[in-house]
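# would you be able to build a 3D model of this:
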Amino acid sequence: MRTFLAALCFVTLTVIAGCSPSSSEADVATIEAVDNAVAELDQAFEAQDAAAIKALMTPDHVSVTHYYGTAQTVDEQIASLPDLKYEQTNLTEPSVVMLADDVAMRTLTAKFDGTYKGKSISGPMFITSIMAKRDGKWLEQFYQVTHLVP
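Residues are numbered from 1 along each chain as shown. Predicted coordinates:
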């Protein structure tokens, strides 16, 4: 339902603005840059590299997951790194929707295998990342994981 509402908002804003989404080379390059930025952040989490994580997120970043139990800031996520052990397998290709020239929403379905604070966080997940372009670099500003019913 949220995906439908996000798509509906995007289409409405596009119509109001008088433009339509295109698949020009610039759009392809932007989508690739967003995908690469997320991949780099995923690798930083896998390596538990606090400095890289901080460099790949906006200072006002918020993460909402079922396993954290509350919204977390960048510093809270970094502090909780020793408690997070997981592997992610993407089940669908990522989809990137441009919300503005410098803001993108990336979604996909993935499978997590792992634990947070010793409790299982395994299963299928729907992942949303909001990416913002700052000083020429794509940074994650918002991250949400929704556990799906298997």
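# distance check, the nearest residue to residue 66 once chain neighbours are set aside against residue 115.
Closest residue in space to residue 66, ignoring its immediate chain neighbours: residue 147 at 4.7 Å, by Cβ to Cβ, 6 or more residues apart in numbering. (Glycine included, C-beta is placed from N, CA and C.) The gap separating residue 147 from residue 115 is 14 Å, by Cβ to Cβ, to the nearest Å.
# buried residues in the longest strand out of those in the chain?
Secondary structure assigned by DSSP state E gives strand 103-116 as the longest strand of the chain. Using 16 or more other Cβ atoms under 10 Å as the test for burial, strand 103-116 gives 104, 105, 106, 107, 108, 109, 110, 112, 116.
# check what pLDDT the fourth one gets.
Pointing back at residue 107 there. What the model reports as pLDDT for residue 107 is 98.
# walk me through which strands the longest strand of the chain pairs with, and which way each runs.
For strand 103-116, the paired strands and their directions (DSSP bridges) are strand 84-90 (antiparallel), strand 95-100 (antiparallel), strand 119-120 (antiparallel), strand 123-134 (antiparallel).
# out of those strands, deepest packed?
strand 123-134 (a mean of 19; mean count of other Cβ atoms under 10 Å).
# now the most centrally placed residue in the chain: closest residue in space that isn't a chain neighbour?
Taking Cα atoms, centre = their mean as the criterion, residue 129 is the residue nearest the geometric centre of the chain, at 2.1 Å. Using Cβ to Cβ, 6+ apart and skipping the chain neighbours, the partner closest in space to residue 129 is residue 106 (4.6 Å).
# tell me what the one you found is bridged to.
residue 96, residue 129.
# check contacts around it.
In this structure, residue 106 makes contact with 34, 35, 38, 94, 95, 96, 97, 128, 129, 130, 131, judged by Cβ atoms under 8 Å, 6 or more residues apart in numbering.
# mind redoing it with 7 Å?
Residues near residue 106 by Cβ atoms under 7 Å, 6 or more residues apart in numbering: 34, 38, 94, 96, 129, 131.
# same question, residue 113
86, 87, 122.
# tally of neighbours for the last one?
Other residues within reach of residue 122 by the criterion other Cβ atoms under 10 Å amount to 14.
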